[in-house]
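# Fold the following for me, if possible:
(one chain, ligands or ions: 1)
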Amino acid sequence: MAKKQRLPAGHQHLCDILFDQGFGERRTCDGLILHGLVQVNGQTVDDPEAVFPADGLDMVVEGQPWVSHVRALIMLHKPAGYECSLKPGAWPGVHNLLPPPLRRRGLQPVGRLDQDTTGLLLMTDDGPLLHQLTSPKKNVPKVYEVGCKHPVTQAMCDKLLKGVVLDDDPEPVAAAAAEADTLHLRLTLLQGKYHQVKRMVAAVGNRVETLHRSQIGRLTLPDDMPAGQWRWIDDPAIVLP
Ligand code: URA
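Residues are numbered from 1 along each chain as shown. The predicted structure is shown next:
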């Protein structure tokens, strides 16, 4: 039996890198390489066993530029009309907005946005990072731009800051910040409870008409990123407080 080659730390065979990136079954990945459809650092590589660093590898696969990420963390500008559920029902899932390699990798949304909510959504296939980002202990602030049905009064903001009781928990839940400008409310929350913004706003006698998440941790949704677009996040530290 051929002896298995020991590879330098962080290196892999090109076919394994493509497989882990989500380019298909191993046979498919071998085929892409053997047919000359994979370039690495600007050169066609036709040997599936060629060895490269697995992370940060600059590739073009079937004409598609792709930098390998051993663990994927992306931001998506979620449009309205998409569900965050992994098994969407009435609406298409946010996975449909991702390219096939990321869809195959089974990225999970970091917390969920409602079907009608727009804005910043993180997705990852890094289990420990997902846990860190969603853990209530981490207190990652999330900023929501809320369009309200009625003018938002200072009394409403004060109540949101003091804490309101929601129907599934006797402990009051408070906003970390609440700033109002007539029908617009900017609300910062540290938790990620089900329909939290809508329920908190209802608890102070108003109603959410539109909801958009503009920021998670120190990461703000870029102005030049239209709804439906996604980007890699190379440093998770930007979203951790
Ligand atoms: N709170 C809500 O009510 N909906 C969301 O989508 C996110 C936070």
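
# C-alpha only now, for contacts and for neighbours.
Noted.

# from what I can see Val51 touches Ala9, true?
No. With contact defined as Cα atoms under 8 Å, Val51 does not reach Ala9; the gap is 11.1 Å.

# Between those two, tell me which one has more neighbours.
Per other Cα atoms under 10 Å, whichever of Val51 and Ala9 has more neighbours is Val51, with 16 against 8.

# Report the beta-bridge partner residues of His184.
Using DSSP bridges, the bridge partners assigned to His184 are Gly147, Asp181.

# how many neighbours does it have?
18.

# Same check on the one 5 residues further on?
Neighbour count for Leu189, taken as other Cα under 10 Å: 22.

# Over to Arg6?
Neighbours around Arg6, by other Cα under 10 Å: 8.

# what residues does this protein put near the ligand?
Leu113, Asp114, Thr117, His195, Gln196, Val197, Lys198 (Cα under 6 Å from any ligand atom).

# check contacts around the closest residue to the last one other than its chain neighbours.
To tie it back to what came earlier, the one meant is Lys198. Distances taken as Cα to Cα, 6 or more residues apart in numbering place Val208 nearest to Lys198, at 5.7 Å, with adjacent residues excluded. Contact analysis of Val208 by Cα atoms under 8 Å, 6 or more residues apart in numbering lists Val146, Gly147, Cys148, Lys149, Val197, Lys198, Val201, Ala202.

# go on, Ala177?
Ala177 neighbours (Cα under 8 Å, 6+ apart): Leu161, Arg186, Leu187, Thr188, Leu189.

# Looks like Arg231 contacts Leu76 (just checking).
Yes. With contact defined as Cα under 8 Å, Arg231 counts as touching Leu76 (6.6 Å).

# Could you check which of those two has the larger neighbour count?
Higher neighbour count among Arg231 and Leu76: Leu76, with 24 against 13, using other Cα under 10 Å.

# Residues in contact with the one helix or strand that one maps to: which ones?
If you go by DSSP states H and E, Leu76 is part of strand 73-78. Strand 73-78 is contacted from outside by 94, 117-126, 221, 225-234, 236, using Cα under 8 Å, 6+ apart.

# That one pairs with which strands?
For strand 73-78, pairing defined by DSSP bridges yields strand 118-124 (antiparallel), strand 230-232 (antiparallel).
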